[in-house]
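Q: I need the structure of the sequence given here:
(chains A and B)
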Amino acid sequence: MEARVLKPVLGVYCAAFILFLYGPMIILAILSFQGPGGGPQFPIIEWSTYWYQHLLGMTPPGRISRLPIGDSLLRSLTLALMTTVVSTVLGVITAQGFRARFKASGVVFYLVILGMIVPGVLVGLGMALLTNMLGIDRSWWGTAFVLHVVYTFPFAFLVMLAIFNRFDRSVEEASLSLGVSPVQTFRRVTFPMIFPGVLSAMLFSFTLSYDEFSRTLFTSGRQLTLPLTIYGTFSVEIYPNIFAFGVLTTLFSFTLLLIYALLMLRAVRSAQSFKGQEEAE
Amino acid sequence: MLSLSSVTKRYGDVTALDRLSVTVPDDAYVSLLGASGSGKTTLLRVIAGFEEPDGGTVTHDGRRLDGVAPHRRGIGFVFQNFALFPHLSVADNVAFGLRYREDNPVRDAAELKKRVADVIHLVGLEGLETRKVTAISGGQRQRVALARTLVTEPRLVLLDEPLGALDANLRERMCDELRAIRERLKVTFLHVTGSETEALLMGDTVAVLSAGSIAQIGPASSLFSAPRSADVARHLNAYNVLSGRVRKGGFEGAGGRFPLPGELPVRDGAPVEIALRFDRISVAPAGKGAAGGASIPARFIASEFTGASVLSFFRLDDGTLLQVVAHLSGPAPRSFTKDELYDLSFNPQDVIPFTERAA
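A: Predicted coordinates:
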């Protein structure tokens, strides 16, 4: 087909795809501005920010109870942060270990990757049974946290593995030959150069953990995380305040992404990767 | 003084270094010539400690080096791709070793600044201190790599094809500067290269690395005029090497028969290889070879004009290729006809015979 025809066709297809992708979110965002008397569906009776005020406790108490998300939001954020730190550190260390060929490295690789392949429901259920047998209390900061790390660590590991794959080892050797110890070399050379990758690994870990449902469902015990709490409200009755909350979380995620993008831009600018040095080879 | 004794390094079935022994004197420029795959980079990496040898010992100034961590060896390394720290400025790249080294780091900011400024002046990088190393030219990067190493004052600097990434006229300038800088600092440079001109130009001493061991080491001029093996002669890229047998004290082989200089320590019929310099051959039409000398009939293939000289290729009946260099400063060389037969004449006294490793 000629490019003259192909281009607009592909353009329309692409636009449709994006609309499909963001459609649900757009509907959600529109409905969050429903008036006080309206329900979680069209038509919009009256435009207002009532449900945002309701969410934040700025409306007089009424018939509709507030979303019980305060504590679970805090729990989810804490859990995601803990998971991010542990998974990223483990991911960097493991990928660093994989730079040298070692015996059974293939087996170890698949054992690590298994954590992201195994269905979450199964792992969650298995963990619940195991803790029951052993008589351990389930909690979001204990059992659920372990599963979050098992799940996100492979992602962080793969990101770092890809980064190290393109890493020019001679830069580290240059540092060693100047009398700088391996630990200092990692701190002063390797880490600044892989920092963009570390940021990506952190972003992956955070979003995957913040969002995690199936593993957490069976292992968080009595104190619920945010996704579980939101799911719980569905079983009563849905009001537009949940949409308002959805919009706020999305904005929060975008803020994270923006921070990530800015940090990334700075890191890439300052490192300009290895351009010019690869030319020399 | 650096000395390696019986150093062996294997990668699986491949032997990169085969019981290699060599001594590198203090305050000298030693160049190490080797084809790609001859193990020259492996040799440097073993000395620097990035690889450990499977056998043999490495000592530097009486201190055993093998088994010592690379950052405790006190040996500088200049990489072919420069391996600069891309996230640091020129000055920070140069200051890196002094600032962060394990042994005796320089903590005094003023002293650090002064030493960095001195070496930047030495390599001629003034004015570029605050630039990113990604924003400077190839030749400038080379200088940063050199300055970064020299500022830590190693007694021995290993240079792995340091000029390989530069273009031709820059390479010549850097050659002179490398020599001058080394003489000023009185350190030892061990410079590895695949280019025979670079090796001969740079090195006070030239070592030829072949098949994982040192084939010959000596002053550049004597090594060039008297290679001790056919292998060395081939590396110098200035000799035709022919193989044949010894007959009555002379040579018999693809090129015919001619007498050999001196007494050969082998019996009649033993295999022999001979080396004949490109520029010791004169070309005449068939049947008109210079009287009194030896002469080989060969067909003309092609010529290459290289500026100051013309390189001509001839083929013997058995397919062996011979090269002849005619310098343009001499009598103007004739032009030859393709596939025509010519006599390649030379003085048998110029032939260097090798009886040892010929097979």
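Q: what are the ranges of the helices in the stretch 1-150 of chain B?
A: Using DSSP state H, counting those that start in this stretch, the helices found in the stretch 1-150 of chain B span residues B:40-48, B:90-100, B:109-123, B:138-150.
Q: The ones you listed: which one's closest to residue B:207?
A: Of all the helices of the stretch 1-150 of chain B, helix B:40-48 sits nearest to residue B:207, with 9.6 Å by CB to CB. C-beta: built from backbone N, CA, C; applies to glycine.
Q: Need the residues that contact the closest one.
A: A:173, A:177, B:2, B:4, B:7, B:9, B:16-17, B:20, B:32, B:34, B:51-53, B:58, B:65-66, B:70, B:73, B:75, B:77, B:158, B:160-161, B:190, B:192, B:194, B:209 (CB atoms under 8 Å, 6 or more residues apart in numbering or on different chains).
Q: Narrow those to those in strands?
A: If you go by DSSP state E, the contacts of helix B:40-48 have B:2, B:4, B:7, B:9, B:16-17, B:20, B:32, B:58, B:75, B:77, B:158, B:160, B:190, B:192, B:209 in strands.
Q: quick one: which of these is nearest chain A?
A: residue B:77 (3.9 Å; CB to the nearest CB).
Q: what's the burial count for that closest one?
A: 27 (other CB atoms under 10 Å in any protein chain shown).
Q: just checking, it touches residue B:148?
A: No - when contacts are counted by CB atoms under 8 Å, residue B:77 is not listed as touching residue B:148 (10.2 Å).
Q: Between these two, which contacts overlap?
A: residue A:174.
Q: re the thing from before, need the helices of the stretch 1-150 of chain B in a markdown table (columns: mean neighbour count and mean pLDDT).
A: Output for the helices of the stretch 1-150 of chain B, formatted as a markdown table (neighbours: other CB atoms under 10 Å in any protein chain shown; pLDDT from 0 to 100):
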| stretch | mean neighbour count | mean pLDDT |
| --- | --- | --- |
| helix B:40-48 | 23 | 92 |
| helix B:90-100 | 23 | 94 |
| helix B:109-123 | 16 | 91 |
| helix B:138-150 | 23 | 90 |
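Q: Out of the ones you listed, flag the one nearest residue B:248.
A: When those are compared (using CB to CB), the closest one is helix B:40-48, at 41.0 Å.
Q: that older thread, residue A:31: which of the helices of the stretch 1-150 of chain B is closest?
A: Closest to residue A:31 of the helices of the stretch 1-150 of chain B, according to CB to CB: helix B:90-100, at 54.7 Å.
Q: and the helix or strand of chain B with the lowest mean pLDDT, what other elements does it pack with?
A: None of the helices or strands of chain B scores lower by mean pLDDT, DSSP states H and E than strand B:256-259, at a mean of 79. If you count contacts as 3 or more CB pairs under 8 Å, 6 or more residues apart in numbering or on different chains; DSSP states H and E, strand B:256-259 packs onto strand B:250-253, strand B:294-305.
Q: Mind putting those into a markdown table with mean neighbour count?
A: Shown next, in a markdown table, are the helices and strands packed on strand B:256-259 (neighbours: other CB atoms under 10 Å in any protein chain shown):
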| stretch | mean neighbour count |
| --- | --- |
| strand B:250-253 | 20 |
| strand B:294-305 | 17 |
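Q: need the ones you listed in TSV with distance to chain A, can you?
A: Converted to TSV, the helices and strands packed on strand B:256-259 look like this (distance: least, CB to the nearest CB, whole Å):
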stretch	distance to chain A
strand B:250-253	42
strand B:294-305	28
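Q: Out of these, which is closest to residue A:196?
A: strand B:294-305 (48.8 Å).
Q: what lines up beside that closest one in the sheet?
A: strand B:309-315 (antiparallel), strand B:341-346 (antiparallel) (DSSP bridges).
Q: neighbours around residue 166, how many?
A: Assuming you mean chain A. Using other CB under 10 Å: residue A:166 sits among 11 other residues.
Q: should've been chain B
A: Neighbours of residue B:166 (other CB under 10 Å): 19.
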